[in-house]
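> Provide a 3D model corresponding to the input given below.
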Amino acid sequence: MKQSSSFNSRAYKKGMVRKMINKINELPERLAFIIGLSLTLFSPLIFFLLSFGELTTILVQAFTWGIAAIFIVSAADKRHLRKGKNK
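Residues are numbered from 1 along each chain as shown. Model prediction:
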(Lines give C-alpha, C1' and ligand atoms only; values in the text may rest on other atoms or scores of the structure.)
Protein backbone atom coordinates (compact mmCIF):
# COMPACT_ATOMS: atom_id res chain seq x y z
CA MET A 1 0.00 0.00 0.00
CA LYS A 2 1.44 3.38 -1.02
CA GLN A 3 1.60 6.16 1.56
CA SER A 4 0.52 9.67 0.70
CA SER A 5 3.07 12.39 0.15
CA SER A 6 1.66 14.46 3.04
CA PHE A 7 2.50 11.62 5.43
CA ASN A 8 6.07 11.53 4.16
CA SER A 9 6.46 15.30 4.46
CA ARG A 10 5.16 15.25 8.06
CA ALA A 11 7.63 12.52 8.98
CA TYR A 12 10.41 14.55 7.34
CA LYS A 13 9.40 17.68 9.26
CA LYS A 14 9.42 15.75 12.55
CA GLY A 15 12.96 14.65 11.79
CA MET A 16 13.96 18.23 11.08
CA VAL A 17 12.43 19.43 14.36
CA ARG A 18 14.28 16.74 16.29
CA LYS A 19 17.55 17.76 14.63
CA MET A 20 16.94 21.41 15.54
CA ILE A 21 16.17 20.57 19.17
CA ASN A 22 19.27 18.34 19.38
CA LYS A 23 21.43 21.18 18.05
CA ILE A 24 19.95 23.58 20.61
CA ASN A 25 20.61 21.04 23.37
CA GLU A 26 24.26 20.76 22.29
CA LEU A 27 24.85 24.46 23.06
CA PRO A 28 26.41 25.33 26.42
CA GLU A 29 23.86 26.43 29.01
CA ARG A 30 25.06 30.03 29.29
CA LEU A 31 25.17 30.55 25.55
CA ALA A 32 21.65 29.13 25.12
CA PHE A 33 20.35 31.40 27.90
CA ILE A 34 22.05 34.49 26.45
CA ILE A 35 20.66 33.78 22.97
CA GLY A 36 17.15 33.27 24.36
CA LEU A 37 17.29 36.37 26.54
CA SER A 38 18.67 38.58 23.78
CA LEU A 39 15.99 37.36 21.35
CA THR A 40 13.35 38.20 23.95
CA LEU A 41 14.72 41.65 24.76
CA PHE A 42 15.97 42.95 21.41
CA SER A 43 13.57 41.49 18.86
CA PRO A 44 10.72 43.94 19.69
CA LEU A 45 13.08 46.86 19.11
CA ILE A 46 14.27 45.43 15.80
CA PHE A 47 10.72 44.79 14.60
CA PHE A 48 9.71 48.29 15.68
CA LEU A 49 12.53 49.82 13.66
CA LEU A 50 11.84 47.66 10.59
CA SER A 51 8.10 48.43 10.80
CA PHE A 52 6.45 45.63 8.86
CA GLY A 53 2.69 45.43 8.72
CA GLU A 54 0.88 44.90 12.02
CA LEU A 55 -0.16 41.30 11.44
CA THR A 56 3.22 40.31 10.02
CA THR A 57 5.01 41.79 13.01
CA ILE A 58 2.75 39.94 15.45
CA LEU A 59 3.24 36.60 13.69
CA VAL A 60 7.01 36.92 13.32
CA GLN A 61 7.34 38.16 16.91
CA ALA A 62 5.36 35.17 18.21
CA PHE A 63 7.62 32.80 16.29
CA THR A 64 10.73 34.59 17.60
CA TRP A 65 9.52 34.43 21.21
CA GLY A 66 8.74 30.75 20.77
CA ILE A 67 12.30 30.05 19.62
CA ALA A 68 13.64 32.20 22.48
CA ALA A 69 11.56 30.20 24.95
CA ILE A 70 13.05 26.97 23.59
CA PHE A 71 16.56 28.34 24.17
CA ILE A 72 15.76 29.50 27.72
CA VAL A 73 14.01 26.26 28.69
CA SER A 74 16.92 24.25 27.29
CA ALA A 75 19.38 26.25 29.39
CA ALA A 76 17.21 25.91 32.50
CA ASP A 77 16.90 22.16 31.97
CA LYS A 78 20.67 21.77 31.66
CA ARG A 79 21.22 23.83 34.80
CA HIS A 80 18.61 21.83 36.70
CA LEU A 81 20.21 18.54 35.65
CA ARG A 82 23.68 19.81 36.57
CA LYS A 83 22.56 21.05 39.99
CA GLY A 84 20.78 17.77 40.67
CA LYS A 85 23.95 15.76 40.00
CA ASN A 86 25.99 17.81 42.49
CA LYS A 87 23.72 16.98 45.45
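
> Give me the three-state assignment for Arg30.
helix (DSSP: H, G, I helix; E, B strand; the rest coil).

> mind starting the numbering at 652 from now?
All set: I'll call the first residue 652, so the last point we hit is now Arg681.

> Now it: closest residue in space that isn't a chain neighbour?
Once flanking residues are discounted, Arg681 sits nearest to Ala726: 7.3 Å by CB to CB, 6 or more residues apart in numbering. (Each C-beta comes from the backbone N, C-alpha and C, glycine too.)

> how many other residues sit next to that neighbour?
Ala726: 23 surrounding residues under other CB atoms under 10 Å.

> ok, now how distant is it from Ile685?
9 Å (CB to CB, to the nearest Å).

> Over to Ile721?
Applying CB to CB to Ile721 and Ile685 gives a distance of 14 Å.

> which of the two has more neighbours?
Ranked by neighbour count (other CB under 10 Å), Ile721 and Ile685 place Ile721 first, with 18 against 15.
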